[in-house]
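1. Okay, predicted coordinates and the sequence, questions at the end:
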Amino acid sequence: MGAPSCAAILRAHPGAPSGTYLIDDQYAPLSDKILAAIKAITPDPVRFVVNTHWHGDHTGGNENMGKAGALLVAHENVRRRMSSEQFIALFGNKIPASPEDALPVVTFTDAITFHWNGDEIRVYHVPSAHTDTDSIVHFVKADVVHAGDVFFNGSYPFIDTSSGGRIDGVIEAAERVLAGTGPATRFIPGHGKVGSRADLQAYRDMLKTVRDRVAKLKAEGKSRDEAIAAKPTADLDPKWAGAFVKGDVFTGIAFDSLK
Ligand SMILES: [Zn+2]
């Protein structure tokens with residue numbers, strides 16, 4: 001949720017079982033634009049859509065893509081959360097249950113691998129990070145990772161504590177992604193520009209710094225308001241504060257998720 005997210009496309013590969021493989025599909029009104037962009041790359045229809053998590057800016061086009069013939073795939077918690085009304089505390093809004101046609105058709109608990117377009121595409125769940133529905137998508141041969149909203153490149157992330165997200169989970173997920181990739185890997189974030197290993201490392205380091213500072217305030221007995229008033233992110237804000245998730249908002253998120 002927040003700023004528009006990436007919809008990533010992998011084009012077909014000659015000689016292998018192939019077709020367009022789409023990660024996340026934005027809001028429903030953008031489906032025609034996304035399909036037109038795909039058509040400019042390949043005549044192949046969308047065969048799979050993988051949702052990195054349940055938020056509407058990543059799953060809003062599911063119904064349209066499913067009706068266009070794509071198989072919808074996601075962690076089982078994506079289907080669970082999309083199946084009933086949700087509440088996101090930070091935005092104060094209720095999200096109604098999605099129609100049956102928008103729900104993932106294939107779900108998994110830990111991981112699923114696609115042998116597709118000449119690549120090995122490993123999709124694995126990372127527990128309680130941006131939400132409790134997150135998956136990382138690793139194109140092993142292409143050496144590309146789509147990290148969904150676990151990775152906001154260059155800004156503080158929104159962490160949806162109402163959906164089971166935790167700052168420690170985001171740090172653990174970033175560590176796992178870094179451990180499973182190399183120096184040349186490209187990292188597609190849920191929000192922001194495509195990043196390098198250094199970008200993801202800097203993001204992980206920032207998260208750890210904020211986590212440690214907020215945890216210290218909490219251990220000293222500070223309330224949420226007192227922790228925010230202490231401005232523990234002041235020196236980081238010029239580099240990391242985003243349009244919506246500013247230092248005080250992120251301090252609050254970190255505080256809420258450190259229980
Ligand atoms: Zn999100």
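-> Sure, I can see it.
2. Just the C-alphas of the longest helix belonging to the chain, formatted as PDB.
-> Ranked by number of residues, the top helix in the chain under DSSP state H is helix 197-219. Taking C-alpha atoms only, helix 197-219 is exported to PDB below (Å, rounded to 0.1, in the frame of the first residue of the first chain):
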ATOM      1  CA  ARG A 197      23.100  -5.500  -3.500                       C
ATOM      2  CA  ALA A 198      24.500  -2.400  -1.900                       C
ATOM      3  CA  ASP A 199      21.000  -0.800  -2.000                       C
ATOM      4  CA  LEU A 200      19.500  -3.800  -0.200                       C
ATOM      5  CA  GLN A 201      22.300  -3.900   2.300                       C
ATOM      6  CA  ALA A 202      21.900  -0.200   3.100                       C
ATOM      7  CA  TYR A 203      18.200  -0.700   3.600                       C
ATOM      8  CA  ARG A 204      18.800  -3.700   5.900                       C
ATOM      9  CA  ASP A 205      21.400  -1.600   7.900                       C
ATOM     10  CA  MET A 206      18.900   1.300   8.300                       C
ATOM     11  CA  LEU A 207      16.200  -1.100   9.500                       C
ATOM     12  CA  LYS A 208      18.600  -2.600  12.100                       C
ATOM     13  CA  THR A 209      19.600   0.900  13.300                       C
ATOM     14  CA  VAL A 210      16.000   2.000  13.700                       C
ATOM     15  CA  ARG A 211      15.000  -1.300  15.400                       C
ATOM     16  CA  ASP A 212      17.800  -1.000  17.900                       C
ATOM     17  CA  ARG A 213      17.100   2.600  18.800                       C
ATOM     18  CA  VAL A 214      13.400   2.100  19.200                       C
ATOM     19  CA  ALA A 215      13.900  -1.100  21.100                       C
ATOM     20  CA  LYS A 216      16.200   0.800  23.500                       C
ATOM     21  CA  LEU A 217      13.500   3.500  24.100                       C
ATOM     22  CA  LYS A 218      10.900   0.800  24.700                       C
ATOM     23  CA  ALA A 219      13.200  -1.000  27.200                       C
END
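3. Could I get the buried residue list for that helix?
-> For helix 197-219, a neighbour-count test (16 or more other Cβ atoms under 10 Å) marks 197, 199-200, 202-204, 206-207, 210-211, 213-215, 217-218 as buried. The C-beta positions use only the backbone N, C-alpha and C, and glycine is treated the same way.
4. For residue 209, see how far away residue 253 is.
-> 15 Å (Cβ to Cβ, to the nearest Å).
5. Then residue 19?
-> Going from residue 19 to residue 209 by Cβ to Cβ gives 43 Å.
6. Also residue 169?
-> Residue 169 is 17 Å from residue 209, by Cβ to Cβ.
7. now swap in residue 24 and tell me
-> Taken as Cβ to Cβ, the span from residue 24 to residue 209 is 29 Å.
8. Which residue lies closest in space to residue 24, excluding its sequence neighbours?
-> Leaving aside its sequence neighbours, residue 24 sits nearest to residue 58 (Cβ to Cβ, 6 or more residues apart in numbering; 4.1 Å).
9. In contact with that neighbour, which residues are there?
-> 5, 24, 25, 26, 51, 52, 148, 149, 190 (Cβ atoms under 8 Å, 6 or more residues apart in numbering).
10. Keep only those of the residues you listed that are in strands.
-> Among the contacts of residue 58, none falls in strands (DSSP state E).
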